[in-house]
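Novice: structure for the following, please:
(one chain, ligands or ions: 2)
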Amino acid sequence: MARILCTGGAGFIGSNFVRLVLDNSDDSITVLDALTYAGNAASLQGLDERRFSFVRGSVTDAALVDQLVGSHDLVVHFAAESHNDNSLNDPSPFIQTNLVGTYELLQAVRRHGTRYHHISTDEVYGDLELDDPARFTETTPYNPSSPYSASKAGSDLLVRAWVRSFGVRATISNCSNNYGPRQHIEKFIPRQITNVIDGIRPKLYGAGQNVRDWIHVDDHNRAVLRIVEAGRIGETYLIGADGELDNKSVVELVLTLMGQPADAYDHVNDRAGHDLRYAIDSSRLRSELGWQPLYRDFEAGLAATIEWYRANQAWWRPMKQATEAKYAAVGQ
Ligand code: NAD
Ligand code: TDX
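Specialist: Ligands and ions are numbered 1, 2, ... in the order given. Below you'll find the model as predicted:
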């Protein structure tokens, strides 16, 4: 029975992680979350309070972080500013949360000797050409494109340095694009689903050729648990489910599954510095730790996600207008 400190647990991946752990173990979880625009307390409603508690605060608050890390056995660090488009408009919170926040956590786990798992992204590797047979591996050089991915790359490198220089017991995982329930509607898939529900045409950046490597959020979180359980200290594991698809195909599939003509979308301004393609080679995770994705049918996973947004309009509706207004201001 471990006491887990989960940062960013009111966000998309973190809230699904909390539910997975509570449903499948006897562990207890404390969520530390600042409830920024991206955090949603409703994502944590109805959990068993004997094994779950919530602390509102920032990972940049050194005293709070030290106190919480000192009373837990394991830290899983999800908290981040996570949206590329926001990082292009204002990089400042990305530097604070992703770099300074990770630094404070590392200092605390160093003082207390606490096991630490660092959640990161495939975006630290930059992008691949559309016709490149290569995929990212654990030894691909870092080459981030946006302020978001640069801040995540920097935070990964802090972890590596704290392992090597201070003997911190840490692992890192870099995952590809997640989809599933409770994802903020600023992100690609839930934005288009909620647009269609609201009678707004989906918005495709540029020509829509960009490729993302989709994985269901529960498959990501099951991999994280496996790494925490059996991963080698100091190692990096790439998490991916062989889910490469271009954005145009994803929009067409959303429209078709929602009973609309497949071409009922608009092309809008492209993202500055838009990464072309991500693709993960997750051989290490599969061969060393025996992980495999359970969600192998993207269309079925997407259909279930659409159902979740249809059934949970109270969860996302309060943020819809402000989210679309922010995009409209930059022609997206
Ligand atoms: P999210 O934006 O949905 O959630 C982030 C959470 O962190 C929110 O609840 C927010 O309130 C909280 N937070 C932000 N700043 C904080 C601070 N200073 N202190 C405490 N809490 C703070 O993000 P997500 O999509 O769930 O991503 C979680 C993690 O997974 C991030 O580290 C991200 O880089 C990584 N990741 C995401 C994806 C993806 O496809 N979404 C893929 C790979 C890796
Ligand atoms: O309206 C849109 N139209 C569109 O074409 C939006 C919001 C996005 N896009 C494109 C941009 C990307 O090519 O869709 C793709 C996915 O966009 P996002 O959902 O913003 O994700 P991405 O930028 O790929 O980053 C995501 O995966 C890696 C997460 O947001 C990151 O946190 C994670 O690290």
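
Novice: now the strands for the stretch 201-332 of the chain?
Specialist: Secondary structure of the stretch 201-332 of the chain (DSSP state E, counting those that start in this stretch): strands at 203-205, 211-213, 215-216, 236-239, 244-246, 266-268.

Novice: got these as TSV, with mean neighbour count and mean pLDDT columns?
Specialist: Placement of C-beta: from N, CA and C, glycine included. Formatted as TSV, the strands of the stretch 201-332 of the chain follow (neighbours: other Cβ atoms under 10 Å; pLDDT from 0 to 100):
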stretch	mean neighbour count	mean pLDDT
strand 203-205	20	98
strand 211-213	21	98
strand 215-216	26	98
strand 236-239	24	98
strand 244-246	17	98
strand 266-268	14	98
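
Novice: closest one to residue 159 among those strands?
Specialist: Of all the strands of the stretch 201-332 of the chain, strand 236-239 sits nearest to residue 159, with 9.0 Å by Cβ to Cβ.

Novice: pull the CA atoms of that closest one into CSV?
Specialist: Taking Å, rounded to 0.1, in the frame of the first residue of the first chain, the C-alpha atoms of strand 236-239 are listed here in CSV:
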residue,chain,number,x,y,z
THR,A,236,13.6,6.7,-19.9
TYR,A,237,10.7,4.8,-21.4
LEU,A,238,8.9,5.8,-24.5
ILE,A,239,5.1,5.1,-24.5
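
Novice: begin at 28 from now on, thanks
Specialist: From this message on, residue numbering opens at 28, which makes the last subject strand 263-266.

Novice: list the contacts of that strand.
Specialist: Contacts of strand 263-266 with the rest of the structure, by Cβ atoms under 8 Å, 6 or more residues apart in numbering, involve 149, 163-165, 183, 198-203, 242, 246-247, 250-251, 254, 258, 307-309, 311-312, 315-316, 318.

Novice: returning to that earlier point: could I get the strands of the stretch 228-359 of the chain as JSON lines with distance to residue 123?
Specialist: As requested, these are arranged in JSON lines below (distance: least, Cβ to Cβ, whole Å):
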{"stretch": "strand 230-232", "distance to residue 123": "27"}
{"stretch": "strand 238-240", "distance to residue 123": "27"}
{"stretch": "strand 242-243", "distance to residue 123": "28"}
{"stretch": "strand 263-266", "distance to residue 123": "24"}
{"stretch": "strand 271-273", "distance to residue 123": "33"}
{"stretch": "strand 293-295", "distance to residue 123": "29"}
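
Novice: thank you kindly, that will do.
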